[in-house]
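1. Sharing a sequence plus its predicted fold:
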Amino acid sequence: MEKIMADKIDVKFEIYSDTDKMLEEITNKYELPDKSKALRCLLDYAEEKEDEWDEMFATVRCNRCG
């Protein structure tokens with residue numbers, strides 16, 4: 001996969017409060033500048049694992065349903 005430098009854009013989306021806490025923990029543990037960087041790292045990782053997207057995204061998960 002070819003790496004392309006891209007401009008960052010401001011995006012608004014909703015996440016659960018526990019997911020926000022997880023991003024904060026990642027940010028602190030790995031001394032990242034902010035939660036946006038943590039999220040970009042996670043998205044970059046998902047991009048690298050494109051051959052595993054079916055497992056990531058087609059698998060039904062409900063971590064909040066009990």
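-> Received, thanks.

2. Quick check: K12 vs V60, distance?
-> 26 Å (Cβ to Cβ, to the nearest Å). Every C-beta, even on glycine, is put in place using the N, C-alpha and C of the backbone.

3. Low-confidence ranges, this structure, go.
-> 1-3, 66 (pLDDT under 70).

4. how about the strands in it?
-> For the chain, no strands are identified by DSSP state E.

5. And the helices in it?
-> Along the chain, the stretches classed as helices by DSSP state H are 17-29, 35-48, 53.

6. The first one to helix 35-48, inter-axis angle?
-> In other words, helix 17-29. Going by axes from the mean of the first three to the mean of the last three Cα atoms, to 10 degrees, helix 17-29 is angled at 100 degrees with respect to helix 35-48.

7. Just the buried residues of helix 17-29, please?
-> For helix 17-29, burial by neighbour count (16 or more other Cβ atoms under 10 Å) applies to 23, 26-27.

8. Pull up the gap between K35 and R64, please.
-> Taking Cβ to Cβ, one finds K35 at 20 Å from R64.

9. and if you look at E31?
-> Counting by Cβ to Cβ, the gap from E31 to R64 is 29 Å.

10. Same check on P33?
-> Taken as Cβ to Cβ, the span from P33 to R64 is 29 Å.

11. and what of K49?
-> Taken as Cβ to Cβ, the span from K49 to R64 is 24 Å.

12. With T19 instead?
-> 10 Å.
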